[in-house]
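J.: model the structure of this input:
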Amino acid sequence: MQSCANKNTGRIDMEESVGNAPAEGQSVEAKIKDLNPQSKRVDVLAKCLEVGEARDIPGKFGNSRKVAEATVADESGAIVLSLWDAQIGTIAKDDVLAIKNGYVSLVRGHMRLNVGKYGQLSKAEKTIEATATDPNMSEKEYEQERRRFDGPRGGGDRSFSSGGRSRDRDSGSGFGGGSRDNDRPRYMNKGRRRF
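T.: Below is the predicted model:
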């Protein structure tokens, strides 16, 4: 009986430890120096050092958006924060910002911290006395990978496939093709005995 009780408590301990782990998709707190081009779902507390002028960026479909860049820093380093459309004008120099669910993108190979539609940018009640401008994470240049589209199956052979076997369109196999020995389509011969 005791061994059965130990098995049950082991299961409870395991469930409790799983419950304490961060959920998939949940944001995590991060320092600026720890950000990299793959950083997603990060919470950053930073002080605004300066805010640049807004400018228009032409979109792919003829629409344009406004963007402004602000330099923000914490005690570990600094980074450029991109402010888009409605975010412009909401922050000023010396504001302490709470960025929730932010992400990093590359602009011409340089990192930018962003707050997208699933994120939140707000002024924080906390204060940051000391900030570091070195390292500035946006100064380092990263090589950007070019986007490639290989199609739904990764490009290559465009023949039909069925269960890992390729079929040729003109071989007579499949529903539409005919047999060389018979004028009837192959699907009509299914179930007939051949002697």
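
J.: pLDDT below threshold where in this protein?
T.: Of all residues in the chain, those with pLDDT under 70 make up the ranges 1-25, 145-182, 184-195.

J.: how about the helices in it?
T.: 2-20 (DSSP state H).

J.: hey, which strand is longest across it?
T.: Longest strand in the chain by number of residues, with DSSP state E as the criterion: strand 96-107.

J.: for it, list the C-alpha coordinates in CSV.
T.: Provided in CSV are the C-alpha atoms of strand 96-107 (Å, rounded to 0.1, in the frame of the first residue of the first chain):
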residue,chain,number,x,y,z
VAL,A,96,9.9,54.9,-17.4
LEU,A,97,8.2,52.5,-19.7
ALA,A,98,6.8,49.1,-19.1
ILE,A,99,6.8,47.1,-22.3
LYS,A,100,4.7,43.9,-22.2
ASN,A,101,4.9,41.1,-24.8
GLY,A,102,7.4,43.0,-27.0
TYR,A,103,9.5,41.5,-29.7
VAL,A,104,12.8,42.3,-31.6
SER,A,105,13.0,42.8,-35.3
LEU,A,106,15.9,43.7,-37.6
VAL,A,107,15.8,47.0,-39.6
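
J.: which outside residues touch it?
T.: Strand 96-107 has contacts (Cβ atoms under 8 Å, 6 or more residues apart in numbering) with 27, 35-48, 72, 81-82, 91, 111-116, 118-124, 126-128, 142, 144. Bear in mind the C-beta positions are built from the backbone N, C-alpha and C, glycine included.

J.: ok, of those, which come out buried?
T.: If you count burial by 16 or more other Cβ atoms under 10 Å, the buried members of the contacts of strand 96-107 come out as 27, 35, 37, 39, 41-48, 72, 81, 91, 111-115, 119, 121, 128.

J.: can you pull the contacts of the closest residue to residue 83 other than its chain neighbours?
T.: In space, and not counting its chain neighbours, residue 83 is closest to residue 68: 4.6 Å by Cβ to Cβ, 6 or more residues apart in numbering. When contacts are counted by Cβ under 8 Å, 6+ apart, residue 68 touches 51-55, 82-83, 88.

J.: put the buried members of these into a PyMOL selection.
T.: Of the contacts of residue 68, the buried ones can be selected in PyMOL as follows, counting by 16+ other Cβ under 10 Å:
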select buried, resi 51+83+88
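
J.: the strands in this protein, which residues?
T.: 28-29, 42-51, 55-58, 64-73, 78-84, 96-107, 110-114, 120-123, 160-162, 165-167.

J.: closest to residue 135 out of those strands?
T.: Residue 135 lies closest to strand 78-84 among the strands of the chain, at 7.6 Å (Cβ to Cβ).

J.: so residue 107 versus residue 123, what's the distance?
T.: For residue 107, the distance to residue 123 equals 25 Å [Cβ to Cβ, to the nearest Å].

J.: lovely, talk soon.
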